[in-house]
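Peer 1: Sequence first, predicted model second:
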Amino acid sequence: MRRWLALVAACLPAAAAVGATAPEVALDVGHFLEKPGVISVTGVPEFEYNKALAFKVRETLEAAGLRVRMIGERGDFADLYERVKAARGADLFVSIHHDSVQEQYLPVADKFAGFSLFVSRTNPQVTKSLACASAIGAQMLKAGFTRSLYHADPVLGEARPFADETNGVHYFDNLAVAKHATTPALLFEAGVIVNRNEEARLARPETQALIANAIAQGVTRCLE
């Protein structure tokens, strides 16, 4: 028994070293308690959806062997720049959100659906940011989700040009959490929670698990 314990003890530093060298993802929960983002069809603040999905993503990333640094999960990070500072040193910054539509289209919001991703060309590692966003988008499509295309439309959306139309990635150069980050950074919109059918799907634990798995697979492929 003593010999076995000695062998285990000898292995622990090596195991710790492997864990310490694993890629680290800074996982940002979008919005905060005082300004919780869009309110869904059923009255749930976006922050609550963001937090629930982010914890699923953390669980899946850690199961894949990556390290995760949670940011904003307590709902007390009002300053976007402070979020970026908290992510320094990570290999990738991922901000988790849920989507809405412009106010004038809320009466017909059920016409809008799908996920989208955003990167900033002012980020010093935009090439890596785009590669990671594209990898996540590709995994989302593989899992059966659809892209939201309206953000690129000058009328329906905000005229955000495509960075990778195939995988649902847009450029959003003034996106604070992406342009101020020194690490590769992206923002992920899981779906449109002002669409009653989409909100119902996004609220299901099995849907959240599928999205978390797609994000984890994309991140793992990107950071390999």
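Peer 2: It's in. Numbering: from 1, shown residues only.
Peer 1: which helices and strands sit right next to the host helix or strand of residue 134?
Peer 2: Residue 134 is part of helix 126-142, with elements assigned from DSSP states H and E. Judged by 3 or more Cβ pairs under 8 Å, 6 or more residues apart in numbering; DSSP states H and E, helix 126-142 is in contact with strand 92-99, strand 116-119, strand 162-164, strand 169-171, strand 185-192, helix 205-223. C-betas here are computed from N, CA, C, even on glycine.
Peer 1: Make TSV from these and add mean pLDDT and mean neighbour count to it.
Peer 2: Below are these laid out as TSV (pLDDT from 0 to 100; neighbours: other Cβ atoms under 10 Å):
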stretch	mean pLDDT	mean neighbour count
strand 92-99	98	27
strand 116-119	98	28
strand 162-164	98	18
strand 169-171	98	24
strand 185-192	98	27
helix 205-223	98	20
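Peer 1: quick one: average confidence on the helix holding residue 134?
Peer 2: When pLDDT is averaged along helix 126-142, the result is 98.
Peer 1: one step back: will you turn the helices and strands packed on helix 126-142 into a markdown table that also has distance to residue 70?
Peer 2: Shown next, in a markdown table, are these (distance: least, Cβ to Cβ, whole Å):
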| stretch | distance to residue 70 |
| --- | --- |
| strand 92-99 | 11 |
| strand 116-119 | 20 |
| strand 162-164 | 27 |
| strand 169-171 | 24 |
| strand 185-192 | 15 |
| helix 205-223 | 14 |
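Peer 1: what about these, which gets the closest to residue 138?
Peer 2: Nearest to residue 138, of all those, is helix 205-223, at 6.7 Å by Cβ to Cβ.
Peer 1: and that closest one with helix 126-142, angle?
Peer 2: Computed by axes from the mean of the first three to the mean of the last three Cα atoms, to 10 degrees, the angle separating helix 205-223 from helix 126-142 equals 140 degrees.
Peer 1: start the count at 353, not 1, going forward
Peer 2: Let's use 353 as the start, then, which means that last one is helix 557-575.
Peer 1: contact partners of helix 557-575?
Peer 2: 375, 377, 404-405, 408-409, 411-413, 415-416, 418, 443-444, 446, 467, 480, 483-484, 487-492, 494-497, 540, 542, 553-554 (Cβ atoms under 8 Å, 6 or more residues apart in numbering).
Peer 1: Restricted to buried residues, select the residues you listed in ChimeraX.
Peer 2: Buried members of the contacts of helix 557-575, defined by 16 or more other Cβ atoms under 10 Å, are picked up in ChimeraX with:
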select :375,377,404,405,408,409,412,413,418,443,444,446,467,480,483,484,487,488,489,490,491,492,497,540,542,553,554
